[in-house]
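Colleague: have a look at this fold, sequence not included:
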């Protein structure tokens, strides 16, 4: 936590430097003084805890590390926002930072803000995306949570855990959790951070060459790699920029596109045989064909080029919401009209599906969707042919059994969380339909979906403070992986006995 506080302070120097460059001295000083404050605080805490005894194993579960980060860091990140934006208030600043750190991208600021402010929001989201990639690799993978349970079922560890007759032996959570979290996070950071930074720099250079101003290009690059969707209005900057963004968004569809993919075991090492990429491709192709036909229903004398642009807009917007980024194409401007009204629920469904396991994308995740689909396919087959034998190989058979059960458990927890939070939000005076959209956007960490779904665009600033607090809880639950919280309760319950 001390390192994270110091890194937060160091990150504030970037908007401070941009503010001084743009001659926004008051804003730049707010970030500079806050950076010095946090760096000094981190140094004092480091000196105070140096030489202390080892941590209490009672709180060594990864849930406590992640919960502490999402509770403490946004409070510190909000300090310069309060000083830089008069009238924003600490609560709204905290919501902005929590939304950015969870890569949700929801905003309560009425105007777009200055470039240093948008850069700070994008920087927080960028850091939150890298933090989650490191945490999910270092903390959730050893517990086979966060979607890893769908990949590791055919590993030797799991086969030993199942026993000779499929009987239950022991789980990684039984007998306590080995507290090597910090060392694992350091190792994961050394592998992931260079690639994460390099991809951001390459996209930044590409967007700058495509004609975007350097600061706007950096904001877009950070928002893309973190799938936060934080960008000023009208900042995408043309077809070339959208193609570059779409290529980077593909990294949010599969963990195998990131370093350290050996933690995911698959029978076929070829990238084009990746299950998550195939599912995403199928969803995008079917959706593009259906919405493309709907959009093409126009007079025959309509120009061909605008229709191609609209088709690209459908592909780009669908990919963006599937990866929970939330960008809307500016090349195919009529694509926004395609998703208007009832068709806007398509974007909501895409955000619910989510991206790949152990990526910055939120949602239910594509692999869980595939596990449920494969089990449903087998059940329908058994209804037609009751005596049939399901083949598909050992991996897919296990995916239909344990994988489908795990995916179903996550889906039920997700739905129950959505129901409970929606009910709480309606008690604050929000209409039922609007409350469901807000909570879905929060749980899937796709803030822009609130503006694209429903009869009229929704504004996060219209929520009361209690409503914003409920939505913030949804963002944290959606980012923490709900099964992680259950694992804490489960490991303290019957398994501990």
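Modeller: Great, that's in hand. Keep in mind the model is a prediction, meaning the values are calculated, not measured. Numbers count the residues shown, from 1 in each chain.
Colleague: what about the protein, any weak spots by pLDDT?
Modeller: Within the chain, the stretches with pLDDT under 70 are 52-61, 110-113, 151-181, 260-269, 271, 295-304, 333-338, 340-342, 388-401, 482-497.
Colleague: one more pass at 50, please.
Modeller: 153-178, 300-301, 492-497 (pLDDT under 50).
Colleague: could you pull out the strands for it?
Modeller: For the chain, no strands are identified by DSSP state E.
Colleague: biggest helix in it, by residue count?
Modeller: Secondary structure of the chain per DSSP state H: the longest helix is helix 181-209.
Colleague: may I see the buried residues of that one?
Modeller: Going by neighbour count (16 or more other Cβ atoms under 10 Å), the buried part of helix 181-209 is 181, 184-185, 188-189, 191-192, 196, 199-200, 203-204, 206-208. Using the backbone N, CA and C atoms, a C-beta is placed for each residue, glycine as well.
Colleague: gap between the two ends of stretch 449-457?
Modeller: End-to-end distance for stretch 449-457, by Cα to Cα, to the nearest Å: 9 Å.
Colleague: ok now it, how far from the chain's centre?
Modeller: Its chain's C-alpha centre and that of stretch 449-457 lie 20 Å apart, by Cα atoms, centre = their mean, to the nearest Å.
Colleague: what lies in contact with it?
Modeller: Residues outside stretch 449-457 that contact it (Cβ atoms under 8 Å, 6 or more residues apart in numbering) are 106, 321, 326, 328, 336, 339, 341, 344-345, 347-348, 351, 433-434, 437-438, 440-441, 458-460.
Colleague: and the nearest residue in space to residue 42 that is not next to it in sequence, how many neighbours?
Modeller: Nearest-residue entry for residue 42: residue 6, 3.8 Å, with adjacent residues in sequence omitted and distances by Cβ to Cβ, 6 or more residues apart in numbering. Neighbour count of residue 6, defined by other Cβ atoms under 10 Å: 18.
Colleague: surely residue 6 meets residue 38?
Modeller: Yes: at 7.2 Å, residue 6 counts as touching residue 38 under the criterion of Cβ atoms under 8 Å.
Colleague: what is the neighbour count of residue 237?
Modeller: Applying other Cβ under 10 Å, we find 22 residues neighbouring residue 237.
Colleague: again but with residue 442, I slipped
Modeller: 33.
Colleague: could you find the closest non-adjacent residue to it?
Modeller: Distances taken as Cβ to Cβ, 6+ apart place residue 474 nearest to residue 442, at 3.3 Å, with adjacent residues excluded.
Colleague: and the gap between the one you found and residue 98?
Modeller: Distance of residue 474 to residue 98, computed by Cβ to Cβ, to the nearest Å: 11 Å.
Colleague: please apply the same query to residue 242.
Modeller: Using Cβ to Cβ, residue 242 is found at 29 Å from residue 98.
Colleague: between these two, which one's more packed in?
Modeller: With neighbours defined as other Cβ under 10 Å, residue 242 and residue 98 compare such that residue 98 has more, 28 against 24.
Colleague: residues touching that one, list them.
Modeller: Residues near residue 98 by Cβ under 8 Å, 6+ apart: 70, 74, 472, 475, 476.
Colleague: dihedrals phi and psi, the closest residue to residue 229 other than its chain neighbours?
Modeller: Spatially, and ignoring its direct neighbours in sequence, residue 229 is nearest to residue 326 (3.5 Å; Cβ to Cβ, 6+ apart). Backbone geometry at residue 326, expressed as degrees, to the nearest 10, gives phi 90, psi 20.
Colleague: who's in contact with the residue lying closest to residue 137 once chain neighbours are set aside?
Modeller: Among residues not flanking residue 137 along the chain, residue 188 sits closest, at 4.4 Å (Cβ to Cβ, 6+ apart). Residue 188 makes contact with 133, 134, 137, 138, 260, according to Cβ under 8 Å, 6+ apart.
Colleague: from residue 147, how far out is the third one?
Modeller: With the distance defined as Cβ to Cβ, residue 137 ends up 12 Å from residue 147.
Colleague: ok, the two, which is more surrounded?
Modeller: When residue 137 and residue 147 are compared for neighbours, residue 147 comes out ahead with 30 against 26, by other Cβ under 10 Å.
Colleague: tell me how far the residue found closest to the more buried one once you drop the neighbours it is linked to in the chain lies from residue 223.
Modeller: Counting by Cβ to Cβ, 6+ apart, residue 357 is the residue found nearest to residue 147 once chain neighbours are left out, at 3.2 Å. Separation of residue 357 from residue 223 (Cβ to Cβ) stands at 22 Å.
Colleague: the more surrounded of those two?
Modeller: Taking other Cβ under 10 Å, residue 357 and residue 223 do not tie; residue 223 has more neighbours (27 against 24).
Colleague: run through the residues that contact the residue nearest to that one when sequence neighbours are not counted.
Modeller: Nearest non-adjacent residue to residue 223, counting by Cβ to Cβ, 6+ apart: residue 230, 4.5 Å away. Applying Cβ under 8 Å, 6+ apart to residue 230 gives the contacts 100, 105, 107, 118, 121, 122, 125, 219, 222, 223.
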